[in-house]
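Asks: predicted model and sequence below, questions to follow.
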Amino acid sequence: MSRRPRRTDQLARVATLALALAAVALSGCGAPPPSQSLDAGGRRARYEDALAARERLAASVDEDLLVWTRLQSDARLPAVEASLATATPGSFRLRVGGVLGTALDVVVRGDSATARIPSRRSWVVVPSLGDSLGVRDPAALVVRTWGALWRPPGHAWTSAVWRDSLLVASWIEDEDSVSVGVGSSGLPAWAERSREGRARVRARYLEWSGASGRPWPARLTLADAAGTFSVECRVEAARFAPASDAARFALAPPPGTQALGFADLRRALARLGRL
């Protein structure tokens, strides 16, 4: 008889996936019909206008989330509540709710991560998260993915192709292949990133809100092509500020806390799931 996942298992999985977002490397073709090719310049202009608006909003964002996860062949687990604070260019803080308060509190700034697990009264510090994940700036990747802050270079627009109704711009960035599919509204329908020897991961932007009169992602999913994981997030509320407060990302472990590697962090999260 299969064991029904406990809530703490769910929290650990959500936490693991949220950190993995900093690790994943997110990945078209064919000639466009003439009527579509005439619209490519206008679609690029709409995209860049909307992107500039999102970049202004992304200076400081606090979001209340509902999160569903699926790992390998597991059914989708019930939603858990979480809060996510992000700031450009690269800082985020994730707090996952538990029955008695916060189950996990994680701050990632640039290349370093600090995690507090209150139920175990434990801390984990990873000073070089990017080295473990093979990502130059994991926090910036998460911030960019969450806000759909993908900025294709000029040559990506010149070589953009039509895929059904989407204009797809592709380019190489830090040895990764990056593609963004842009709809007629000028908003990205999806973005994907891949590298040789690494699973292709796609972010889908399913719904948008009119935050401050400017579109902001309201529901998105992330999944890898191999089916190893998928995570769906729905934004229940979003708050924006013109500048970030560094205190939001202050999470200091007690003196003498040992600096550990990413593998130690994963083990700590696994222990959380066994509570």
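Replies: Received the coordinates, thanks.
Asks: please make it C-alpha for all contacts and neighbour counts, starting now.
Replies: Will do.
Asks: give me the pLDDT for the spatially closest residue to Asp245 that is not a sequence neighbour.
Replies: With sequence-adjacent residues excluded and distances taken as CA to CA, 6 or more residues apart in numbering, Asp245 is closest to Ser60, at 7.9 Å. We have a pLDDT of 96 for Ser60.
Asks: neighbours around Ser60, how many?
Replies: Applying other CA atoms under 10 Å, we find 21 other residues in the vicinity of Ser60.
Asks: so which residues of this protein form helices?
Replies: Taking DSSP state H as the test, the helices found in the chain are 7-20, 34-37, 40-57, 129-133, 138-147, 154-158, 262-273.
Asks: stretch 158-169: how far from the chain's middle?
Replies: 23 Å (CA atoms, centre = their mean, to the nearest Å).
Asks: should've said stretch 81-96
Replies: So, by CA atoms, centre = their mean, the centroid of stretch 81-96 is 10 Å from its chain's centroid.
Asks: stretch 181-189 too?
Replies: On CA atoms, centre = their mean, the centre of stretch 181-189 falls 18 Å from that of its chain.
Asks: do the same with stretch 241-255
Replies: For stretch 241-255, the distance to the chain centre is 19 Å (CA atoms, centre = their mean).
Asks: pull out the buried positions in that stretch.
Replies: Within stretch 241-255, the residues that count as buried by 16 or more other CA atoms under 10 Å are Ser244, Phe249, Leu251.
Asks: please produce TSV containing those residues, extended by pLDDT.
Replies: TSV is the format used below for those (pLDDT from 0 to 100):
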residue	pLDDT
Ser244	89
Phe249	93
Leu251	91
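Asks: could these be laid out in TSV, adding distance to Cys233?
Replies: What follows is the buried residues of stretch 241-255, written out as TSV (distance: CA to CA, whole Å):
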residue	distance to Cys233
Ser244	23
Phe249	21
Leu251	24
